[in-house]
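**Student:** Okay, here's the prediction I keep looking at, along with the sequence it came from:
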Amino acid sequence: MAKHLEKELERLKKLIYSLSARVDENLELSVKSFLENDLELAQQVIDTDRQIDELEIEVEEECLKALALYQPVAIDLRFIIAVMKMNNDLERIGDLAKDIAKNGMHINQTPKPKVPLDLHQMTYLAKTIVRKALDALINIDTYLAREVILDDDEINAMKQEMKLEIAEALKREPEHAESLMTLLAITHRLERIGDHACNIAEDVIYMVEADIVRHQTPEQ
C-alpha cells in the first residue's frame with residue numbers, strides 16, 4: 001500500500017508541476033499580447049486555456065482517487081489537500097490570464113486615453129509573484145512562500161494607486177470611459193492573480209509546517 005501511495009504522490013507532483021508550467025507560460029503570453037497589441041498571441045492564450053482546464057480536472061480526479069484508495073494521513077494527507085487547493089488557484093490564474101488577453105484585444109481596438117498609465121510595473125510584479133510562488137512549490141521552500149505573501153501587499157497597494165489614477169482620468173476624459181474601464185478591469189485581474197499566488201504560498205507553508213497562516217497578521 002505504501003509503495004502504491006508513494007507512486008500516486010509522485011504522479012500528483014508531476015501533474016501539478018506540469019499545470020504550473022502551462023499557467024506560468026500562458027500568463028506571460030497574455031501580458032505580452034496586451035502590451036504589444038498582438039492579437040494572434042492573445043488568441044493563442046485563449047485557446048490554450050482549454051488545455052489548462054482539462055489538466056485541472058485530471059489533477060482533481062487523481063487527488064480524489066488517492067484519498068479514496070489509500071486513506072493517507074499526516075504529511076501525505078496535507079500534501080494532497082494542498083495540491084487540490086493549488087490546483088484550483090492555478091486554474092483561476094489561467095482564467096484571469098485568458099481574460100487579460102481578451103481585454104487586451106478589446107482595448108487595443110478602441111481610442112487610447114491620454115492618461116499616462118503605465119501597467120508595465122504591475123504586470124511585471126504579478127508575473128514575478130506567480131513565478132516565485134511556483135518556485136516555492138517546486139522547491140518546497142517556505143521562506144520563499146513567506147516572501148510571496150509580503151509581495152502581495154505591494155500589488156494590492158499598486159492596484160489602489162492605479163484605481164485612483166483611472167478615476168481622475170475618467171473625470172478628465174469621459175469620452176475614453178470604455179478604454180479606461182477596461183484598464184481598470186486589467187488592474188483588478190492582476191491584483192487577483194497576486195491573491196491566488198499568495199494562496200499557493202500559504203498552501204506550501206501548510207503542506208510543510210502544518211501551519212495555517214491564512215488571515216494571520218505579520219506579527220503572528
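**Tutor:** Here it is on my side, so go on. Quantities reported herein were computed from a predicted structural model and do not represent experimental measurements. Numbering: from 1, shown residues only.

**Student:** residue nearest the centroid of this structure?
**Tutor:** Ile93 (3.5 Å; C-alpha atoms, centre = their mean).

**Student:** Now do the buried residues in the helix or strand hosting that one.
**Tutor:** Using DSSP states H and E, Ile93 falls within helix 74-107. For helix 74-107, a neighbour-count test (16 or more other C-beta atoms under 10 Å) marks 76, 78-105, 107 as buried. In this view, the C-beta of every residue, glycine as well, is placed from N, C-alpha and C.

**Student:** shaky segments in the chain?
**Tutor:** Applying pLDDT under 70 to the chain flags residues 1, 114-118, 214-220.

**Student:** what about the helices in it?
**Tutor:** In the chain, the helices defined using DSSP state H lie at 2-35, 39-70, 74-107, 120-138, 142-172, 177-209.

**Student:** Report the angle between the third one and helix 39-70.
**Tutor:** Here the directions of helix 74-107 and helix 39-70 differ by 160 degrees (axes from the mean of the first three to the mean of the last three C-alpha atoms, to 10 degrees).

**Student:** packing partners for helix 74-107?
**Tutor:** helix 2-35, helix 39-70, helix 177-209 (3 or more C-beta pairs under 8 Å, 6 or more residues apart in numbering; DSSP states H and E).

**Student:** hang on, the earlier thing: JSON lines please, covering the helices of the chain and showing distance to Pro113.
**Tutor:** Converted to JSON lines, the helices of the chain look like this (distance: least, C-beta to C-beta, whole Å):
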{"stretch": "helix 2-35", "distance to Pro113": "15"}
{"stretch": "helix 39-70", "distance to Pro113": "20"}
{"stretch": "helix 74-107", "distance to Pro113": "10"}
{"stretch": "helix 120-138", "distance to Pro113": "16"}
{"stretch": "helix 142-172", "distance to Pro113": "6"}
{"stretch": "helix 177-209", "distance to Pro113": "5"}
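
**Student:** what's near enough to touch the residue nearest to Asp53 when sequence neighbours are not counted?
**Tutor:** The spatially closest residue to Asp53, leaving aside those adjacent along the chain, is Glu91, at 6.6 Å (C-beta to C-beta, 6 or more residues apart in numbering). Neighbour list for Glu91: Leu19, Val23, Ile52, Asp53, Glu56 [criterion: C-beta atoms under 8 Å, 6 or more residues apart in numbering].

**Student:** closest to Glu209 among those residues?
**Tutor:** Nearest to Glu209, judged by C-beta to C-beta, of these is Leu19 at 23.4 Å.

**Student:** From Lys127, how far off is the residue nearest to Leu90 when sequence neighbours are not counted?
**Tutor:** Excluding the flanking residues, the one nearest Leu90 by C-beta to C-beta, 6+ apart is Val23, at 4.8 Å. Taking C-beta to C-beta, to the nearest Å as the measure, Val23 falls 11 Å from Lys127.
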